[in-house]
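K.L.:
Fold the following and give me the result.
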Amino acid sequence: MILDIHNTRFEFSALKCVYWEQHQTLICADIHIGKGAHFRNNGIGVPVLLNKNNFWNLAKAFDQYNPKNFLVLGDMVHSTENLEWAEFSDFLDNYPTMNRMLVRGNHELYGNEHYTSLGFEVHERLKMDSLLFTHEPESVIPEGIMNLCGHIHPAIRLLGTASQSVRLPCYWIRKGSIVLPAFGEFTGMHAIKPKRGDRVIAVADKKVIEILPDQTNKQAKT
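P.N.:
Predicted structure coming up:
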């Protein structure tokens, strides 16, 4: 789904990432590399394929958009360094010419050198043109600026006709900000409560679908 927002053209992908055509930049948030290994190292059985799925989805996105730049809006990794970090590094070696940028999130526990060793430029916040990239949503957004962020892992919860409910990851477009869904396969989701004027683009069955206000108002109570 391609939308013009804030005089900028974005493509919202069913792979839970955004392509910024003007700067040939693929943007995602909250991959949480290493979370599965962290759980396994602490005696909790988590399928290894969860991390592989992250790589497969990234490879699909890279192949589809062929981006010049790859920007992660925080929580690229989940915990202290483990085997899945090395697997991520090996995966990225397949894309040696792609510029990599990371906006630090609350799960980036080390100094910048740990992430520069993976080939990433590291930023606390990053401004490009009239876009401000952060991990957590900014509480105050200057006039004329659009904030792209993650951290929340937004999802929309909808009720069916028989009172059954479904929760879908989503992009949450608000005045002055776009909150991206968590890219990672093992991250959890937080059901949002959109306000009037917000737009919600849900990811379902490998498609992106805009949820209309009357559908949004039928979301289950949380």
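K.L.:
buried sites along stretch 98-117?
P.N.:
Under the neighbour-count criterion of 16 or more other CB atoms under 10 Å, stretch 98-117 has 98, 100, 101, 102, 103, 104, 105, 107, 108, 114, 115 buried. All C-beta spots, glycine's among them, are computed from the backbone N, C-alpha and C.
K.L.:
Wasn't residue 51 part of a strand?
P.N.:
No - applying DSSP: H, G, I helix; E, B strand; the rest coil, one finds residue 51 to be helix, outside a strand.
K.L.:
what about it, neighbour count?
P.N.:
Residues near residue 51, counting by other CB atoms under 10 Å, number 25.
K.L.:
How much space separates it from residue 70?
P.N.:
18 Å (CB to CB, to the nearest Å).
K.L.:
now swap in residue 188 and tell me
P.N.:
Relative to residue 70, and taking CB to CB, residue 188 is found at 24 Å.
K.L.:
So those two - more neighbours on which side?
P.N.:
Neighbour tally, residue 188 and residue 70, criterion other CB under 10 Å: the higher count belongs to residue 70, 23 against 11.
K.L.:
Was I right to think that one contacts residue 100?
P.N.:
Yes - Residue 70 lies in contact with residue 100 (CB atoms under 8 Å); the separation is 5.1 Å.
K.L.:
Report the contact partners of the spatially most central residue of the chain.
P.N.:
Central residue of the chain (CA atoms, centre = their mean): residue 29, 2.7 Å from the mean position. Shown in contact with residue 29 (CB atoms under 8 Å, 6 or more residues apart in numbering): 72-75, 105, 135, 149-151, 180-183.
K.L.:
Give me the distance between the residue nearest to residue 144 when sequence neighbours are not counted and residue 151.
P.N.:
Nearest residue to residue 144, sequence neighbours excluded (CB to CB, 6 or more residues apart in numbering): residue 130, at 5.9 Å. According to CB to CB, residue 130 and residue 151 sit 21 Å apart.
K.L.:
Looking at those two, which has the bigger crowd around it?
P.N.:
Legend: neighbour count by other CB under 10 Å for residue 130 and residue 151, higher for residue 151 (21 against 12).
K.L.:
Quick check: buried residues in the longest strand anywhere in the chain?
P.N.:
If you go by DSSP state E, the chain has its longest strand at strand 165-174. By neighbour count, with 16+ other CB under 10 Å as the criterion, the buried positions of strand 165-174 are 167, 168, 169, 170, 171, 172, 173, 174.
K.L.:
Kindly report the same for stretch 92-99.
P.N.:
For stretch 92-99, by 16+ other CB under 10 Å, it's 92, 95, 98.
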